[in-house]
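Participant: would you be able to build a 3D model of this:
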Amino acid sequence: EGLPLVKDTVELTVACEKPSYLTSYSEMPIVREMEKKTNVKINWVELPTDNFNEKLNLMFASEEFPDIIWKRVNNNLLTEYGVNGNAIIPLNDLIDEYAPNWQKWFEKYPNARKIATAPDGNIYSLPSIRDQKSYSSLRDALFINSEWLDKLGLEVPKTTEEFKNVLKAFKEQDPNGNGVADEIPWTFTFGNYVSGEYDMYSAFGAHMQNNENIMVRAGKVVYVPVTKEFKNAVAYMHELYAEGLIDPESFTQNWTQARAKVATENPAITGFYTAYSYGNNSSKPMLPLKGPDGTQGKVRSQSNTVTSGMFTIFSKNPYPEISMRWANEWAADGVGVHTLFGPLKESKNGKYIPAEENSSVQAAPNSMGPFVINDDMISKTLAPEFIAADVREELYNFYKGYVADQSEIYPAVFYTPEQTDEIALYASDIKEYVKKTVAEFITNGGIDEGWESYVAQVEKMGLSDLLSIYQEAYDQYNER
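Facilitator: Next up, the predicted model:
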């Protein structure tokens, strides 16, 4: 009990994900403050977002583990190296003895414990909890270049046909006024959950809620890329591509490269994109489109309020008790607000506003860690005028009534070791085949002629067996 956690400084090695928009963890004021008050010095191993999974997989393959991984170890790795192995330790007893804050949050959010618990009853990694309406009710927004619309005398498109015509005008009519045909009507990161093309499929009734390509309809797990709605969406994408309205680099670029194009101004070069927040000053949010049959599209809801695998302790760690007490400090009431919004300064009435407004590099971990953030904490900590001016609040209010139902989302289930092994037989190969074939359908066409053979090949690769496993795991999850 009490601070500092230890009399004599101890050191821990912590691997973490670091997006380009965050400063180095060791330079963040809140991290320095935590080190000072706990007497625990962290040696950070920063893994860039763009190749985080690759670096993480190499770390596990080599078994050169740090003491802790802080965002994000997926359930498959937790199963292989925790449930089935001994490299990752169970946290149940440590939570019970050393983490009263986490005990409190698990009581308030029982679903968080449910998501974090493996089928053997153990918790192998702490989750993060973000119960914030403007976050958990909306994933990416749709942004269109309003200055280009105004210059060309165009309205914000409401249908897929209008959208196509607007993109064509962006391409052909030099809306940035530099006399060069450098406009990119639409750029994205193909097949990616973040800043991808998924939100545009909903105008055809295909709701691509996650990177596993599955959703839930009336309690049944559905593989979206073999549905007729998905086929119609891809056919439309080919129409756009054939007319040069989609950036060809969308199929190879990463998030950072796409974001750089979106951020380019004076002159701007991008007409439309999807993203978590604004990428430049000429953007305005656009409602989802109506499809050819009048179907009203929807933007995706955030996949989970609770994210598993955010704080994992390895058996090589000489200080597991200290590590858990350190994690407990990060879950203290209100700390998550400081990690999300960065350094704060007092405004009035004991409330705070960000100390560094509009900073392109944030000096706090954002939501990249084992934090708890909710609207109650935010309202208690931040000045009302700042909350009202928050971009995500604005977007949340703009898209009310146009967000996909969260019940469609396949939850972050924890598979049994047997289910994990079976999924490994099918999921990766099917996903890669689908991604490759869909890219070819978009760029080269031929979906009408090739659709039946494509679906047959996906079935041949074990789709029915894969869906049975997903359904079994989903039913087991609901029974916990």
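Participant: could you list the buried residues of stretch 89-109?
Facilitator: 89-91, 94-95, 98-99, 101-103, 105-106, 109 (16 or more other C-beta atoms under 10 Å). To be clear about C-beta, it is placed using only N, CA and C from the backbone, and glycine gets the same treatment.
Participant: pLDDT on that stretch, on average?
Facilitator: Stretch 89-109 shows a mean pLDDT of 98 in the predicted model.
Participant: returning to what we had before: can you put the buried residues of stretch 89-109 in a markdown table and add secondary structure?
Facilitator: Formatted as a markdown table, these follow (DSSP: H, G, I helix; E, B strand; the rest coil):
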| residue | secondary structure |
| --- | --- |
| Ile89 | coil |
| Pro90 | coil |
| Leu91 | coil |
| Leu94 | helix |
| Ile95 | helix |
| Tyr98 | helix |
| Ala99 | coil |
| Asn101 | helix |
| Trp102 | helix |
| Gln103 | helix |
| Trp105 | helix |
| Phe106 | helix |
| Tyr109 | coil |
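Participant: reformat those residues as CSV; add distance to Lys436.
Facilitator: Converted to CSV, the buried residues of stretch 89-109 look like this (distance: C-beta to C-beta, whole Å):
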residue, distance to Lys436
Ile89, 39
Pro90, 39
Leu91, 39
Leu94, 44
Ile95, 43
Tyr98, 47
Ala99, 44
Asn101, 45
Trp102, 42
Gln103, 46
Trp105, 42
Phe106, 42
Tyr109, 39
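Participant: out of these, which comes closest to Pro157?
Facilitator: Tyr109 (39.5 Å; C-beta to C-beta).
Participant: any idea how far the closest one is from Thr307?
Facilitator: Shown here: Tyr109 relative to Thr307, a distance of 12 Å by C-beta to C-beta, to the nearest Å.
Participant: for Thr416, same thing?
Facilitator: Here the criterion is C-beta to C-beta. By it, Thr416 lies 21 Å from Thr307.
Participant: who has more neighbours, the two?
Facilitator: Ranked by neighbour count (other C-beta atoms under 10 Å), Thr416 and Thr307 place Thr307 first, with 21 against 17.
Participant: contacts only, for that one.
Facilitator: Counting by C-beta atoms under 8 Å, 6 or more residues apart in numbering, Thr307 touches Arg72, Pro127, Ser128, Arg130, Ala412.
Participant: where's the third one, which helix or strand?
Facilitator: Of the helices and strands defined by DSSP states H and E, Ser128 is found in strand 126-131.
Participant: show me what that strand packs onto, helices and strands only.
Facilitator: helix 110-116, strand 306-313, strand 372-374 (3 or more C-beta pairs under 8 Å, 6 or more residues apart in numbering; DSSP states H and E).
Participant: of all the residues in stretch 114-131, which ones are buried?
Facilitator: Using 16+ other C-beta under 10 Å as the test for burial, stretch 114-131 gives 114-119, 122-131.
Participant: which residues in the stretch 201-350 of the chain form helices?
Facilitator: 228-242, 255-263, 320-330, 335-341 (DSSP state H, counting those that start in this stretch).
Participant: turn the ones you listed into JSON lines, including mean neighbour count, distance to Thr160 and mean pLDDT.
Facilitator: Formatted as JSON lines, the helices of the stretch 201-350 of the chain follow (neighbours: other C-beta atoms under 10 Å; distance: least, C-beta to C-beta, whole Å; pLDDT from 0 to 100):
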{"stretch": "helix 228-242", "mean neighbour count": "19", "distance to Thr160": "6", "mean pLDDT": "98"}
{"stretch": "helix 255-263", "mean neighbour count": "18", "distance to Thr160": "22", "mean pLDDT": "93"}
{"stretch": "helix 320-330", "mean neighbour count": "21", "distance to Thr160": "45", "mean pLDDT": "98"}
{"stretch": "helix 335-341", "mean neighbour count": "22", "distance to Thr160": "36", "mean pLDDT": "93"}
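Participant: identify the farthest-apart pair in the buried residues of stretch 89-109.
Facilitator: Of all pairs in the buried residues of stretch 89-109, the most separated under C-beta to C-beta is Ile89 and Tyr109 at 23.1 Å.
Participant: how long is stretch 94-112 from one end to the other?
Facilitator: Stretch 94-112 has an end-to-end distance of 17 Å (criterion: C-alpha to C-alpha, to the nearest Å).
Participant: and the strand holding Ser128, which strands flank it?
Facilitator: For strand 126-131, the paired strands and their directions (DSSP bridges) are strand 306-313 (antiparallel), strand 372-374 (parallel).
Participant: and those strands: which comes nearest Asp421?
Facilitator: Within these, the stretch nearest Asp421 is strand 306-313; the backing value is 19.0 Å (C-beta to C-beta).
Participant: buried sites along that closest one?
Facilitator: Buried residues in strand 306-313, counted by 16+ other C-beta under 10 Å: Val306, Thr307, Ser308, Gly309, Met310, Phe311, Thr312, Ile313.
Participant: then stretch 146-153?
Facilitator: Those would be Ser146, Glu147, Trp148, Leu149, for stretch 146-153 by 16+ other C-beta under 10 Å.
Participant: residues making contact with it?
Facilitator: Residues contacting stretch 146-153 (C-beta under 8 Å, 6+ apart): 154-156, 166, 169-170, 173, 175-177, 183, 268, 271, 282-284.
Participant: OK, contacts around the closest residue to Arg217 other than its chain neighbours?
Facilitator: Distances taken as C-beta to C-beta, 6 or more residues apart in numbering place Glu408 nearest to Arg217, at 6.9 Å, with adjacent residues excluded. Glu408 sits next to His207, Gln209, Met215, Val216, Arg217 when contact means C-beta under 8 Å, 6+ apart.
Participant: one more pass at 6 Å, please.
Facilitator: Listed by C-beta atoms under 6 Å, 6 or more residues apart in numbering, the contact partners of Glu408 are His207, Gln209, Met215, Val216.
Participant: I'd like those as TSV, with distance to Arg480, pLDDT and neighbour count appended.
Facilitator: Output for those, formatted as TSV (distance: C-beta to C-beta, whole Å; pLDDT from 0 to 100; neighbours: other C-beta atoms under 10 Å):
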residue	distance to Arg480	pLDDT	neighbour count
His207	25	90	24
Gln209	22	80	24
Met215	21	94	22
Val216	16	94	19
